[in-house]
Structure formats: C-alpha cells, structure tokens
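Peer 1: After the sequence you'll find the predicted model.
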Amino acid sequence: AQSVTQLGSHVSVSEGALVLLRCNYSSSVPPYLFWYVQYPNQGLQLLLKYTTGATLVKGINGFEAEFKKSETSFHLTKPSAHMSDAAEYFCAVSDRQGSNYKLTFGKGTLLTVNP
Amino acid sequence: DSGVTQTPKHLITATGQRVTLRCSPRSGDLSVYWYQQSLDQGLQFLIQYYNGEERAKGNILERFSAQQFPDLHSELNLSSLELGDSALYFCASRRGGSGGATGELFFGEGSRLTVL
C-alpha cells in the first residue's frame, strides 16, 4: 500500500524567505502525487500534481514541486513566502487499483509566515 | 468553490447519539469519498462510492455507514457517537472511471462534528 511521510509538522519562515515543505512517499507502482492546501476553516484545495512527464511541476500561487524518483520525494517549494501562504499543506499519493483511485495523505505541515 | 457541498457545516451532539452528514458532489462526478480529519490521526480515508455502489473501504468503524443515492448525493451516518468521533468530516468527489484520470479529488468544506 502507498504511504506518505511529511517531514516537519510545523514550518515557520519569514515573509520573503524560501518555503520548503518535504514529502517522501512509498508506492509499488509509478505514483501520481499531489499537494493540497487547507486554509483555516476551509476544505482542501489542489495546489499542484505530478502524473507523468516533466518532473518539475508548477502550481497555483507560485508553488512548485519536483518529483525525484531516486529519492522517492516530492518536495514543495516557493521562492518567496507571503503572509497569505500561511496554511496547512498536505502531500498525497494516489492509490490506483485498476481504474479506481483513492488518495493517501501525509499528516500535514503547518506553515507559519512571520512578518 | 470546489463545487462539492456539505451540510451541516457544524454539528454539536451528545455521546450515544446518531447524526447524518450530507454531501452533494460536483456536477457530473460519479465518485464520492469520505475522509475524517482529526488532530491525532490526520486525514483518514473512510469509504468511497461510485455511481451508487461501494467501491473501496478504509478505516471506517462499524458504527459508521454511508450510502450514495440515485441522484449521486451521499450521506455518512455516524451512530453511538463517542467523544473520539469529534472531527472534521470531508466529502470529496471526482468524475470516476478511467481514460486519462489522475485521481485528484475535489473537496467540500467539511462538516465539523463535536461530541460532548
């Protein structure tokens, strides 16, 4: 079964600093990988996804992530943090069984942005 | 707005009671998923329905049940509630089937259940 590990349950950065949120996965098949963001009192919103092809994927709000098969990683980055980026971020891997899918999530990383 | 609608947004009830959470998926989506989010367990997959039929089961307690109706909306029934059932319950949907699918889900805003 697939699994996801997010290193660091809480990351704190200064406004304008680099954001790096770490995600490692295990999967018995080529994975589909996702990053979701959850703002306070809201549902999960898709930031970006990797399926096939280019290993560097760009998402909304200036975020990007790189799929590294050799490292089984899919870390999320943003060059310059903004106050509005404060939220919880979840990495997920798609568990495919035939044509059916379900997502397995990591435990989440809470991002705090300090002025 | 993801297009997935969940009601109620908040629910406070007592131990031993039963509640029903409702989800309307995005227009055209055939698959509905239920997840439970709690501080200690994170996001846990509970159950999935596809076009009215149960498709996959996760960490769903026997006290919990779900169904998907012909109009594709889904309900999650939680009974004999315990304090530990207090959590945020999310519904998510996707179109379902194969053909270029990548598995991404679209989430509602959740139903926050508090058991006192």
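Peer 2: The structure has been received and is ready for your questions.
Peer 1: Bridged to the residue positioned nearest the centre of chain B, which residues?
Peer 2: Nearest residue to the geometric centre of chain B (Cα atoms, centre = their mean): residue B:34, 2.8 Å. On the basis of DSSP bridges, residue B:34 is bridged to residue B:47, residue B:91.
Peer 1: The one 4 residues further on now?
Peer 2: Using DSSP bridges, the beta-bridge partners of residue B:38 come out as residue B:42.
Peer 1: I'd say it and residue B:87 touch.
Peer 2: Yes: between residue B:38 and residue B:87 there is a contact under Cβ atoms under 8 Å: 4.2 Å. Any C-beta I mention is one placed from the backbone N, CA and C, and that applies to glycine too.
Peer 1: Which of the two has more residues huddled nearby?
Peer 2: residue B:87 (21 against 14; other Cβ atoms under 10 Å in any protein chain shown).
Peer 1: dump the residue contacts of that one.
Peer 2: Contacts for residue B:87 (Cβ atoms under 8 Å, 6 or more residues apart in numbering or on different chains) come out as B:36-38, B:112-113.
Peer 1: Got a ChimeraX select line for the buried ones in those residues?
Peer 2: Selection of buried members from the contacts of residue B:87 for ChimeraX, criterion 16 or more other Cβ atoms under 10 Å in any protein chain shown:
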select /B:36,37,112,113
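Peer 1: residues shared between the contacts of residue B:38 and residue B:87?
Peer 2: Contacts common to residue B:38 and residue B:87, judged by Cβ under 8 Å, 6+ apart, are absent.
Peer 1: quick one: low-confidence parts of the chain?
Peer 2: Just so you know, I chose chain A. A:97-99 (pLDDT under 70).
Peer 1: meant chain B actually
Peer 2: Ranges of chain B meeting pLDDT under 70: B:96-101.
Peer 1: Please list the residues of it that sit near chain A.
Peer 2: B:2, B:4, B:33, B:35, B:42-43, B:45, B:48, B:50, B:55-56, B:58, B:90, B:92, B:94, B:97-98, B:101-110 (Cβ under 8 Å from any Cβ of the partner chain).
Peer 1: hmm, try it at 7 Å
Peer 2: Contact residues, chain B versus chain A (Cβ under 7 Å from any Cβ of the partner chain): B:2, B:33, B:42-43, B:45, B:48, B:55-56, B:90, B:97-98, B:101-105, B:107-110.
Peer 1: Now, of the residues you listed, which are buried?
Peer 2: B:2, B:33, B:42-43, B:45, B:48, B:55-56, B:90, B:101, B:103-105, B:107-110.
Peer 1: Out of those, which sit inside strands?
Peer 2: Of those, the ones assigned to strands by DSSP state E are B:33, B:42-43, B:45, B:48, B:55-56, B:90, B:107.
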